[in-house]
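Q: sequence below, structure please.
(2 chains)
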Amino acid sequence: MALAEPPLDRSASRERPEAGWVERIPPVWWALGLFLLTLPAYANDFILFQVFGWTFILGMIALSLMFLAGYGGMVSLIQMSVAAMAGYMVAIFGTSGIAEISMDLPWWLYVPIAIIIAAIFGTIVGALAVRTEGIYTIMITLAIAAAFFYFTRQNYTIFNGYTGFNLVVPPRLFGVDWREPMPFYYLTLGWATLAYGVVIYVSRAPFGLALQGIRDNPRRMAALGFNVTAHRVAAYTFASIIAAVAGILLVWQNAQIAPGTAGIPAVIDILVIAVIGGIGRPIGPFIGALIYVLLRTFSPDVLLAFGLSGERFKLLIGLGFLALVFFSPDGVLGLWDRWRARRAQMARDGGLR
Amino acid sequence: MTAFVSRHPVWSVIIGLVVAVLLWSIFAPWSEAMEETFGRKRIFLNAVFGGVTLGALYFLVASGFTLIFGLMRNVNLAHGSLYLLGGYIGFEVSERTGSWLLAFPVVFIVVAALGLILQNQVFRRMEGEELRQTMVTIGLSVVIADILLWIWGGQSYTIFAPDWLSGPMTLPIVSGTRSSGEIVFLRYPAVRMAILFAAIVVGFAMWFVLNRTKLGMLVRAGVDDREMLAASGVRIQYVFLAVFGFGAGLAGMAGIIGGTFQSLSPGEDTRFLLASLVVVIVGGMGSIPGAAIGALVIGLAEQLGLVYAPTYSVVFTFLIMAAVLAFRPQGLLGRS
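A: Okay, here's the model as predicted:
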């Protein structure tokens, strides 16, 4: 579990108890928050909708993987399928272009239904996957994710087979069209912030601490009276809810969902995003998602400038991922931590001299 | 075998019954009532033979996968990419030289060499870090898949079998009777029977090497306890290289076979990776007989499912895997 080792609780142990919670937030966070909130003032619609909206959605799905992998020690590849399941449920219970299947329920009914069904799906998969450990978990969740992909592609009565569903749009709430770039940006920003906060909170709550204990030593936790299996399955349920929310946002962003949404490449991409960012801390997946989206959006232009075909962005991402896994197993955050440690070391050496 | 029977009498009877019913339904002529409920016997036989030959192909891919996993604890998620690479190279060789048979040694050497390089230059550097190795194989599969797409494009290729293997052959199995009372024997593509035969030969050869030679002894000892084997003076890196090279080469040759009786296109790599995963999960990780049984079960389930319940054939595969995981997490022949 070399990937799950980096400091998870440093910010928790560093803070002084007497300071108020407002002072405890480092200034960088205030700057980042201000930047994200005022972004619509100086970014165009493409950046808002396509780059940042997508970043937040992918970041949330990768965040659910980070929660399982970083705090639970379970690398699950099922998160994209859970998200797609929620998206499918929105299309099936809500409104879509496929009138024969969609049930046209109101939004306050189909959104909870979608989240609950996706959470049940994630829990069942989790219950199967926790019977195994380490690399076996990867294999089994990958196999189930592939089975989900092939099933949605073959099944026409529920999942409408190869074509999937189109014209799945968010409801018009408070007179706002939530698919307009600016409202959608704030929608995804809000949910991503909420998911981030909840993950931070849970990681410090008794449940999260018990989960981290189980990650480090399941036998000892079992001896202390913790139900190891129940904690792991509950972690899957919690992660599935985050992934389900992201899945609903994803289907609203694309306005369509098809088997390819949760195809093997997409499933692998989520792992790549989480690993690139670093699965040590919850901010990692969002950094990874931003890198991925930027590469995916702008690498065709860069590749064309170098005289290569613009379709080779996968190669770029794959090579970048390989290099990162090779040289920094804890992702970009690990690189950053090491750079800071070296800076501090150099400063200390300079002070001594 | 006898130990298994005495330990699990009920399961032995159930397995025996299932095998007996299957064999009977293959060899015995079907009555009118059976043909009415289950459809034509010819269709059933075709599904069974399709399943067995598909299982043979799965076995060729998965046996290398399971051997690599058993010895090196390396889940090689780039195994499907090696399969597809082998298929494409085999296509090029057989197109350029016109010889189908020549493609096999060429592909084996090329893909095995790639496997050797990977093991020696990549995986050796991160020995013992299983998760990191798995990540690297994922990265490799993304990179290789894109390079293959770059070179060979998105269209699908089929490798043509040589003349002496094309066309059907008649098997001594009754598929039905004509109204005149004449007995009709099953006709089946010769190339598929050749593949089945080759898979059985490869399986027995692997069994022989593993159980009767010094190299096999080293491999089995390595599967049981790697550290102890290294500590007793064996240069385990050479054993690793041999196994990785062989597993990779086998996957490459399976690519030629898959390209001959199905087709090669982007996406086939993940399909066969998934098949290998399911086969070794069902059969038990690191076990060659387990891979054989798992491949047979999955191949049959896929083909019979395709014929009798087309929408849900994937679900059968999945259900088998889930059932095995629920009742026997280490796989049918795996050791816990």
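
Q: number of nearby residues for the closest residue to residue A:331 other than its chain neighbours?
A: Distance criterion Cβ to Cβ, 6 or more residues apart in numbering or on different chains; nearest residue to residue A:331, sequence neighbours excluded, is residue A:278 at 2.9 Å. From N, CA and C alone the C-beta is placed, and that goes for glycine too. By other Cβ atoms under 10 Å in any protein chain shown, 27 other residues sit near residue A:278.

Q: pretty sure residue A:278 sits against residue A:338.
A: No. The criterion here is Cβ atoms under 8 Å, and residue A:278 misses it with residue A:338 at 11.3 Å.

Q: quick one: mean pLDDT over the helix ranked longest in chain A.
A: Looking across chain A with DSSP state H, the single longest helix is helix A:228-254. Helix A:228-254 carries an average pLDDT of 90.

Q: so which elements touch it?
A: In terms of contacts (3 or more Cβ pairs under 8 Å, 6 or more residues apart in numbering or on different chains; DSSP states H and E), helix A:228-254 is packed against helix A:54-66, helix A:79-93, helix A:107-129, helix A:181-204, helix A:206-216, helix A:218-223.

Q: return the backbone torsion pair for residue 227.
A: This is for chain A. phi -80, psi 100 (degrees, to the nearest 10).

Q: so what's the residue count around it?
A: Neighbours around residue A:227, by other Cβ under 10 Å: 13.

Q: go on, the one 4 residues further on?
A: Using other Cβ under 10 Å, residue A:231 has 20 other residues around it.

Q: span of stretch A:278-285 from start to end?
A: In stretch A:278-285, first residue to last residue: 7 Å (Cα to Cα, to the nearest Å).

Q: just how off-centre is it within its chain?
A: Chain-centre distance of stretch A:278-285: 10 Å, with Cα atoms, centre = their mean, to the nearest Å.

Q: again with stretch A:205-224
A: Relative to where its chain is centred, stretch A:205-224 has its mean C-alpha point 23 Å off (Cα atoms, centre = their mean).

Q: looking at the helices and strands packed on helix A:228-254, which is closest to chain B?
A: Proximity to chain B (Cβ to the nearest Cβ) singles out helix A:107-129 among the helices and strands packed on helix A:228-254, at 5.4 Å.

Q: run the chain-centre distance for the closest one.
A: Here the centre of helix A:107-129 is set off from its chain's centre by 16 Å, with Cα atoms, centre = their mean.

Q: from the contact counts, what lies against that helix?
A: So helix A:107-129, by 3+ Cβ pairs under 8 Å, 6+ apart, packs with helix A:79-93, helix A:135-154, helix A:228-254, helix B:313-327.

Q: which strands or helices does the helix or strand harbouring residue A:348 pack on?
A: Assigned by DSSP states H and E, residue A:348 falls within helix A:331-352. Helix A:331-352 sits against helix A:264-277, helix A:283-305, with contacts defined as 3+ Cβ pairs under 8 Å, 6+ apart.

Q: how about a markdown table for those helices, with mean pLDDT and mean neighbour count added?
A: Supplementary listing: the helices and strands packed on helix A:331-352 in a markdown table, determined by pLDDT from 0 to 100; neighbours: other Cβ atoms under 10 Å in any protein chain shown:
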| stretch | mean pLDDT | mean neighbour count |
| --- | --- | --- |
| helix A:264-277 | 84 | 26 |
| helix A:283-305 | 81 | 19 |
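
Q: which of these sits closest to chain B?
A: Closest approach to chain B among the helices and strands packed on helix A:331-352 is made by helix A:264-277 (4.3 Å; Cβ to the nearest Cβ).

Q: what does the stretch 1-150 of chain B have sitting close to chain A?
A: For the stretch 1-150 of chain B, the residues in contact with chain A (Cβ under 8 Å from any Cβ of the partner chain) are B:73, B:75, B:77, B:129-132, B:134-136, B:138-143, B:145-147, B:149-150.

Q: now the strands for chain B?
A: For chain B, the strands defined by DSSP state E occupy B:168-177, B:183-189.

Q: centre of the chain to stretch A:78-94, how far?
A: Put simply, stretch A:78-94 sits 15 Å off its chain's centre (Cα atoms, centre = their mean).

Q: and that stretch, anywhere near chain B?
A: No. Applying Cβ under 8 Å from any Cβ, one finds stretch A:78-94 separated from chain B by no less than 12.1 Å.

Q: export that stretch to CSV, keeping only CA atoms.
A: Taking Å, rounded to 0.1, in the frame of the first residue of the first chain, the C-alpha atoms of stretch A:78-94 are listed here in CSV:
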residue,chain,number,x,y,z
ILE,A,78,-16.2,0.5,-10.1
GLN,A,79,-16.7,4.2,-9.3
MET,A,80,-17.2,5.3,-12.9
SER,A,81,-19.8,2.5,-13.3
VAL,A,82,-21.6,3.7,-10.2
ALA,A,83,-21.7,7.2,-11.6
ALA,A,84,-23.0,5.9,-14.9
MET,A,85,-25.6,3.9,-13.1
ALA,A,86,-26.9,7.1,-11.4
GLY,A,87,-26.9,8.8,-14.8
TYR,A,88,-28.8,6.0,-16.4
MET,A,89,-31.4,6.1,-13.6
VAL,A,90,-31.8,9.9,-14.2
ALA,A,91,-32.5,9.1,-17.8
ILE,A,92,-34.8,6.2,-17.1
PHE,A,93,-36.9,7.8,-14.3
GLY,A,94,-36.6,11.4,-15.6
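
Q: got a list of what the spatially closest residue to residue B:250 that is not a sequence neighbour touches?
A: Closest residue to residue B:250 apart from its sequence neighbours, by Cβ to Cβ, 6+ apart: residue B:64 at 4.2 Å. Contacts for residue B:64 (Cβ atoms under 8 Å, 6 or more residues apart in numbering or on different chains) come out as B:79, B:246-251.

Q: what about residue B:64, distance to residue B:235?
A: From residue B:64 across to residue B:235, the span is 22 Å (Cβ to Cβ, to the nearest Å).

Q: also residue B:276?
A: 28 Å.

Q: who has more neighbours out of those two?
A: Using other Cβ under 10 Å, the more surrounded residue of residue B:276 and residue B:235 is residue B:276, with 32 against 11.

Q: what stretches of chain B score poorly on pLDDT?
A: For chain B, residues meeting the criterion pLDDT under 70 lie at B:1-2, B:29-39, B:174-181, B:335-336.

Q: going along the chain, name the helices of it.
A: Using DSSP H, helices in chain B cover B:2-7, B:9-27, B:32-38, B:41-72, B:79-97, B:100-117, B:130-152, B:190-212, B:214-224, B:226-231, B:236-261, B:268-283, B:288-308, B:313-327.

Q: could you say which of these is packed most deeply?
A: The highest average neighbour count among the helices of chain B, using mean count of other Cβ atoms under 10 Å in any protein chain shown, belongs to helix B:268-283 at a mean of 26.

Q: what helices or strands is it leaning on?
A: helix A:135-154, helix A:264-277, helix B:41-72, helix B:79-97, helix B:130-152, helix B:236-261, helix B:288-308, helix B:313-327.

Q: make TSV out of those helices and add distance to residue B:115.
A: Formatted as TSV, those follow (distance: least, Cβ to Cβ, whole Å):
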stretch	distance to residue B:115
helix A:135-154	19
helix A:264-277	21
helix B:41-72	9
helix B:79-97	7
helix B:130-152	11
helix B:236-261	3
helix B:288-308	18
helix B:313-327	27
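
Q: brilliant, that's me finished.
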